[in-house]
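Participant: 3D model of this:
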Amino acid sequence: MIRDLKELFESPEVYLDRTVKLEGWIRTHRKQKAFGFINFYDGTTLQELQIVYSETIKNFNEVQGFFVGTAISIEGKFVKSQGVNQSFEVVAQTIKLEGASNEDYPIQPKKHSLEFLRDVAYLRPRTKLFQAIFRVRSIASHAIHKYFKEKGYVYVHTPIITSNDGEGAGETFQVTTIDPDSTKKPTDYSTDFFGKKTCLAVTGQLEGECYALAYKRIYTFGPTFRAENSNTKTHAAEFWMIEPEIAFCDIDKLMSIEEDFLKYITRYVLIHAREEMEHLDKVSGGLGLISRLNALISSAMVRIKHKDAIKLLLEADRKWEIMPKIGKDLAREHEKYLTDEYFKAPVFVHDWPKDIKAFYMRMNDDNETVAGVDLLVPNAGELMGGSQREERIERLMARMDELKIEKKELQWYIDLRKYGGCKHAGFGMGFERLLIYITGVENIRDVIPFARTPGNCDF
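Facilitator: Below is the predicted model of the structure:
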């Protein structure tokens, strides 16, 4: 019976001095005249197993010609190692070629830059670093679904193709079947596939609100798209978003949910991806990754109004590159000061100026701010953004008029307020932004399997 390395390393006493069968790949291969050593991995664990073979195997000369990256199957005895670099090894009785690799295999046993590995993204999951990153991605994804299931949320699949851009920013990818060379005149969308202008979704929030007002608690978790021509480390054209919506929920309750959610996911990953997190901690360049995440879990998250945060920044004894100002957004240096220096904890900044927030956020009584909230975390900045939604139909329509947002395509969204609408709230978090924070990897291109960024749609 074929065994996984994970099984062997978790219960070595069960398999010790027994014959085992394994399938996997060669990471390194040291050859000598009468024997050889293969560092073998199979993807089920970050640990490698040394395979020792000698002239006693029938195809010794063939095996000596196996290159790094070759897929093999092995049968041999699992024994305690005589070497100093490993506790166990397999003394091979047979080694069978399952898939040859060539001498020019790009992932050689040496240090490769992240930039180089992006160019061979179809092979980078075979490196220990990316095996750790993408297993953490898988485990974090499971944790998200587990959290919401335990809390009684319904998982809703919102559209990927839509006729509204949600945020009102206009940075969307158009979806059309019209030949762009067929006319130089303004497009008549009535002849298009959907009979109207459509795009790839930038958010599932608006549709999610419909289901929150039927199920009380829902969440979406899927791909979203932004045609934002930005080449920063934290922006991508295609990424995944987690967006819960909760009926009968105000902004204070929303912040409590955000805090509980983030701590749950972080704790789950630390427990269930322990091996991967220890490896990432080791290669993170002294970031103290695990201790930082444990500090997040045990921290008391601060809540501060936007105007109070600005006052605090203005009173700080420092020279700002961008001067903090009431009514304006926070710069990265402001966020860093609040989280890393002043509070030394995650910070909810809430009650934002209405002019820099979306139309659907609930207007506060001062008519100058809205019930929006951003969660800032140490070493990373903004991680989540949410708000209490505007449930008062007159206020919503007035805000849309103020921002010159066309009501016709969003009449269904307005009508939610006519038919049993109630106070409700929700937040959004980019999954890759969370992974950057958890793994300590700086670039979004390295936490998503195949990155889509301006000028790049390879693989």
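Participant: quick one: buried residues of the longest strand seen in the chain?
Facilitator: The longest strand of the chain (DSSP state E) is strand 18-31. Within strand 18-31, the residues scored as buried using 16 or more other Cβ atoms under 10 Å are 20, 22, 23, 24, 25, 26, 27, 29. In short, each C-beta sits where N, CA and C put it, glycine included.
Participant: can I get these in TSV with pLDDT and distance to residue 137?
Facilitator: As requested, the buried residues of strand 18-31 are arranged in TSV below (pLDDT from 0 to 100; distance: Cβ to Cβ, whole Å):
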residue	pLDDT	distance to residue 137
20	97	30
22	97	26
23	98	24
24	98	21
25	98	21
26	98	25
27	97	22
29	97	30
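Participant: circling back to that earlier point, for the longest strand of the chain, name the packing helices and strands.
Facilitator: strand 2-3, helix 5-10, strand 35-41, strand 71-80, strand 88-99 (3 or more Cβ pairs under 8 Å, 6 or more residues apart in numbering; DSSP states H and E).
Participant: need the CA coordinates for the fourth one. PDB is fine.
Facilitator: To tie it back to what came earlier, the one meant is strand 71-80. The C-alpha coordinates for strand 71-80 follow below in PDB (Å, rounded to 0.1, in the frame of the first residue of the first chain):
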ATOM      1  CA  ALA A  71       8.900  11.600 -10.400                       C
ATOM      2  CA  ILE A  72       9.600   8.300  -8.900                       C
ATOM      3  CA  SER A  73       8.000   5.500  -6.900                       C
ATOM      4  CA  ILE A  74      10.000   3.600  -4.200                       C
ATOM      5  CA  GLU A  75       9.800   0.500  -2.200                       C
ATOM      6  CA  GLY A  76      12.200   0.000   0.700                       C
ATOM      7  CA  LYS A  77      12.800  -0.400   4.400                       C
ATOM      8  CA  PHE A  78      12.000   2.600   6.700                       C
ATOM      9  CA  VAL A  79      14.900   2.700   9.200                       C
ATOM     10  CA  LYS A  80      16.700   5.000  11.700                       C
END
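Participant: these two touch, right, residue 128 and residue 46?
Facilitator: Yes. Using Cβ atoms under 8 Å, residue 128 is in contact with residue 46, at 5.6 Å.
Participant: mutual contacts of these two, please.
Facilitator: residue 279 (Cβ atoms under 8 Å, 6 or more residues apart in numbering).
Participant: Three-state assignment for residue 195, please.
Facilitator: coil (DSSP: H, G, I helix; E, B strand; the rest coil).
Participant: coming back round to it: so the longest strand of the chain versus strand 35-41, what angle?
Facilitator: 110 degrees (axes from the mean of the first three to the mean of the last three Cα atoms, to 10 degrees).
Participant: can you offset everything so residue one is 4?
Facilitator: New numbering, starting at 4: the last item is strand 21-34.
Participant: quick one: distance of strand 21-34 to the chain centre.
Facilitator: Mean-position distance between strand 21-34 and its chain equals 32 Å (Cα atoms, centre = their mean, to the nearest Å).
Participant: in its sheet, what does it sit against?
Facilitator: strand 5-6 (parallel), strand 38-44 (antiparallel), strand 74-83 (antiparallel) (DSSP bridges).
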